[in-house]
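3D, please:
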Amino acid sequence: MKSSPLFDSMLAESLRNGHARANGHPTPNPAVKEQEKDVYDAEFEALIERILVRLGEDPARDGLVRTPLRVAQALDELTVGYRTDLAAVLNDAVFEDDGEEMVLVKDIEFYSLCEHHLLPFYGKVHIAYVPNGKIIGLSKLARIADVFARRLQVQERLTNQIADALEELLAPRGVAVMAEAAHFCMMMRGVQKQNSTTVTTAMRGVFKEDTDLRREFVSLARGA
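You can find the predicted model right below:
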């Protein structure tokens, strides 16, 4: 698509003034790495303005004047997992313990973006592990899920990343993760199936080896 004088002028204006418009930054999260001090830069906003022009819109009209900034902020928030330090999320919340029974936290809601269409998918994840001398603060399971959900994702990889992270952090006897999600790329476009749900699992250690334990996890996760 050829650039237009209107777009060229808007792009130049954005490059001059983008930083000045980038106020209202969210409160810094200590778990987020200090990679980019000025996240909402003029170049990012200019790219979003170009998308609006390509869609046939006028970024200068009242309803869209601050949309490039808002979209930049939203995208940074929705992909904060790329810039999050997992060790800082844990904050030393790993403890010695001699428990040997399954620990399960279920119905952890999550929101992510499909890497194929940049459309949302959302649902809940159930996370269980069998300790091997170490346990983790229960809220940290939800935070670990968010670290990987807040990226461009596919549900299959998200499920495995959560399981792999717990294996690495705790070296437990086993880990089980089940994710259930609805995908807007199937609901809003393409086949447009509104009631479909995708279920993915990742089993490690005793959950993979012991059929009864795996069945117990699935039954508890689904509320049976």
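
which regions of this protein lie under the pLDDT threshold?
Within the chain, the ranges that satisfy pLDDT under 70 run 1-40, 224.

Map the structural domains onto the sequence of the protein.
If you go by automatic domain parsing, the domain ranges for the chain are 5-78, 92-221.

Please name whichever of these is nearest to D85.
Across these, the minimum distance to D85, taken as CB to CB, is reached by domain 5-78, at 5.4 Å. No exception for glycine: its C-beta is placed from N, CA and C like everyone else's.

tell me, what residue is most central in this structure?
R150 (1.7 Å; CA atoms, centre = their mean).

all helices of the protein, in order?
Assigned by DSSP state H, the chain shows helices spanning 5-21, 42-54, 67-78, 86-90, 138-149, 155-170, 184-187, 206-209, 211-221.

in the fourth one, what's buried?
Along helix 86-90, the positions that meet the burial threshold by neighbour count (16 or more other CB atoms under 10 Å) are 86, 89-90.

again, but for stretch 46-54
Neighbour-count burial for stretch 46-54 [16+ other CB under 10 Å]: 46, 48-50, 52-53.

mind giving me CSV with those and columns for distance to E156?
CSV is the format used below for these (distance: CB to CB, whole Å):
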residue, distance to E156
A46, 34
I48, 29
E49, 34
R50, 32
L52, 33
V53, 36
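
Let me know the closest of those residues to T79.
Nearest member of those to T79, counting by CB to CB, is I48, at 14.3 Å.

how near is the residue nearest to that closest one when sequence neighbours are not counted to D76?
Of all residues not flanking I48 in the chain, P68 sits nearest, at 4.0 Å (CB to CB, 6 or more residues apart in numbering). P68 sits 13 Å away from D76, going by CB to CB, to the nearest Å.

These two: who's more crowded?
More crowded of P68 and D76, by other CB atoms under 10 Å: P68, with 26 against 19.

pretty sure the more buried one contacts A46?
Yes: P68 lies in contact with A46 (CB atoms under 8 Å); the separation is 7.5 Å.

circling back: not counting its neighbours along the chain, what's nearest the residue nearest to the centre of the chain?
Of all residues not flanking R150 in the chain, G81 sits nearest, at 3.6 Å (CB to CB, 6+ apart).

Equivalent analysis for M203, please.
Sequence neighbours aside, A176 is the residue nearest to M203 in space, at 5.4 Å (criterion: CB to CB, 6+ apart).

Can you give me every residue that contacts the one you found?
126-129, 163, 201-204, 207, 214, 217 (CB atoms under 8 Å, 6 or more residues apart in numbering).

Would you mind measuring from it to D92?
Taking CB to CB as the measure, A176 falls 25 Å from D92.

Show me the beta-bridge partners of T200.
Here T200 sits in beta bridges with A179, as judged by DSSP bridges.

Just give me the neighbour total for it.
There are 18 residues near T200, going by other CB under 10 Å.
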